[in-house]
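Enquirer: Kindly generate the corresponding structure for this input.
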Amino acid sequence: MPHLSGVFEQFPNLDKVSSLNLSAWLHIQVDKHNLANILGNRIIYPQTVALTKSDLEIDLAILREALKQRPALVYEPQTNKIYIPELFLQRFPPLTRLAGVIIEAINPKGVIQIYLKDKTQVKLLGSLISPPNVSKLVKDKGKIKIVVMGVEGTLSPNTLSISRIVAPQIKMKIENTSYSVPGGELGVVIDLRVKS
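Expert: Residues are numbered from 1 along each chain as shown. The predicted structure follows:
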């Protein structure tokens, strides 16, 4: 009988994820016992695909907690690069939501390039800008000023903003700091969340 592989198979310590941590990511109410059962099913049957919106939300919560345990699966801090496995994108589309889930889970800082990786190639998808001084930026401000390729705007503090800009080089400014980053299919992600 052929073996079906799945995303969750790549996380050997999935049994260490707590229901309490999962419920913190959810916008729906699911009791602890049911969450533990769903997690157990994902461990036994990692190839299972969510059939409902609420099942998908639970799977994305499991993915966040799994990536917190094993960030090296997608993130190389030495090179400031995130590599999204194509299997993840096939399992958890759309790209914008998956990228947001990965960023929320691993909380990288600085300027990071984001790539899609399959068995044979790597494709640049865009960039993440996560200023190291976000708490200083958002202090006493309702909005944060940004300028993207000459167009001025604002972003709210404590947000993760994704702008699909496919230009090969994007010049931008967040408050007083200038950046020049590549865009792509994903574009530019700006992480203004204040993390504790």
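Enquirer: How many residues are close by Leu56?
Expert: Using other C-beta atoms under 10 Å, Leu56 is surrounded by 15 other residues. In short, each C-beta sits where N, CA and C put it, glycine included.
Enquirer: Apart from its neighbours in sequence, what residue is nearest it?
Expert: Ala50 (4.0 Å; C-beta to C-beta, 6 or more residues apart in numbering).
Enquirer: How about Leu35?
Expert: Ser19 (4.2 Å).
Enquirer: ok, now which ones touch that neighbour?
Expert: Residues near Ser19 by C-beta atoms under 8 Å, 6 or more residues apart in numbering: Lys32, His33, Leu35, Ala36, Leu39.
Enquirer: Turn those residues into CSV, columns for neighbour count, pLDDT and distance to Leu56.
Expert: Converted to CSV, the contacts of Ser19 look like this (neighbours: other C-beta atoms under 10 Å; pLDDT from 0 to 100; distance: C-beta to C-beta, whole Å):
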residue, neighbour count, pLDDT, distance to Leu56
Lys32, 12, 90, 20
His33, 9, 92, 20
Leu35, 21, 93, 14
Ala36, 14, 93, 18
Leu39, 23, 94, 15
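Enquirer: Just the residues you listed: which are in strands?
Expert: For the contacts of Ser19, not one is inside strands, with DSSP state E as the criterion.
Enquirer: out of those, who's nearest Arg64?
Expert: Leu39 (12.6 Å; C-beta to C-beta).
Enquirer: so the closest one touches Lys16, yeah?
Expert: No - taking contacts as C-beta atoms under 8 Å, Leu39 lies outside contact range of Lys16: 10.2 Å.
Enquirer: The residue nearest to Leu56 in helix, strand or coil?
Expert: coil (DSSP: H, G, I helix; E, B strand; the rest coil).
Enquirer: Show me what the helix or strand encompassing Ile82 packs onto, helices and strands only.
Expert: According to DSSP states H and E, Ile82 maps onto strand 81-85. Contact partners of strand 81-85 among helices and strands, from 3 or more C-beta pairs under 8 Å, 6 or more residues apart in numbering; DSSP states H and E: strand 75-76, helix 95-106, strand 110-117, strand 122-130.
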